[in-house]
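>>> no FASTA, just this:
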Ligand code: BEZ
């Protein structure tokens, strides 16, 4: 394996065959890159563990921050067909990411990133990497080190965003347990919105039950808010916390 950094070169010229609803739609690299600032991350396979738990979700989560820092779109490339990529996107709810099904591996081969994963029964797949592309020209690449297995050290979303915006600081993660129709929950979400804090909402009766709330907080009411590994409490506790922080 000899992976080459292609910084300064143009991305390969390829047409991808994508499925939109019941129709086929060809999408060219010109469509994807021309006149745009684009972040690409490429990975070994849809539905695989690291790709699904971390690589794709974090790019999706940070899409707004990428946008605020001048990135027009974020592409996820994998040597998979369009049906698999579409199903994976739906499963992951990764609405902020454009899935690029490189089923024929032409783009990945053109990038020099096509590697053998025969030992896993995968055939030829993409090595993990990310790149920043401006109007089709590669400005920066983060290529995972050539180690055994599936290293995931540098092609992550945080590394790319820090490269693009060195002063950017990750927001602490916020999670809120809510109950449908709960007025205090709406108030707590509004308080987080007013501070510009993104959050993950765990809706009781849908994503979890009150058993989880009792087990984690010792309380049986909603909302319950957690920020950066700390238990904050209900809506009044949250307002007091936000007033101080
Ligand atoms: C993973 O994402 O964890 C993975 C990718 C390729 C092969 C095996 C695992």
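Received the coordinates, thanks. Just so it is clear, the model here is predicted, and its values are computed rather than measured.
>>> Quick check: residues of this structure near the ligand?
By C-beta under 6 Å from any ligand atom, the part of the chain that sits against the ligand consists of 44-45, 48-51, 120, 150. Every residue, glycine included, has its C-beta placed from N, CA and C.
>>> Please spell out the ChimeraX selection for the buried subset of those residues.
Selecting in ChimeraX just the buried members of those, where the criterion is 16 or more other C-beta atoms under 10 Å, is done with this command:
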select :44,45,48,51,150
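>>> Which of the residues of the chain next to the ligand fall within helices?
Using DSSP state H, the members of those that fall within helices are 49-50.
>>> May I have the phi/psi pair for residue 232?
phi -90, psi -50 (degrees, to the nearest 10).
>>> What of residue 72?
The phi and psi torsions at residue 72 (degrees, to the nearest 10) take the values phi -80, psi -40.
>>> Tell me how many other residues crowd it.
By the other C-beta atoms under 10 Å criterion, the neighbourhood of residue 72 contains 14 residues.
>>> isn't it right up against residue 33?
No: contact criterion C-beta atoms under 8 Å: residue 72 and residue 33 do not qualify, at 9.6 Å.
>>> how far away is the nearest residue to residue 63 once chain neighbours are set aside from residue 120?
On the basis of C-beta to C-beta, 6 or more residues apart in numbering, the spatially nearest residue to residue 63 that is not a chain neighbour turns out to be residue 96, at 3.3 Å. To residue 120, residue 96 is 29 Å away according to C-beta to C-beta, to the nearest Å.
>>> And the residue nearest the centre of the protein?
Central residue of the chain (C-alpha atoms, centre = their mean): residue 59, 2.4 Å from the mean position.
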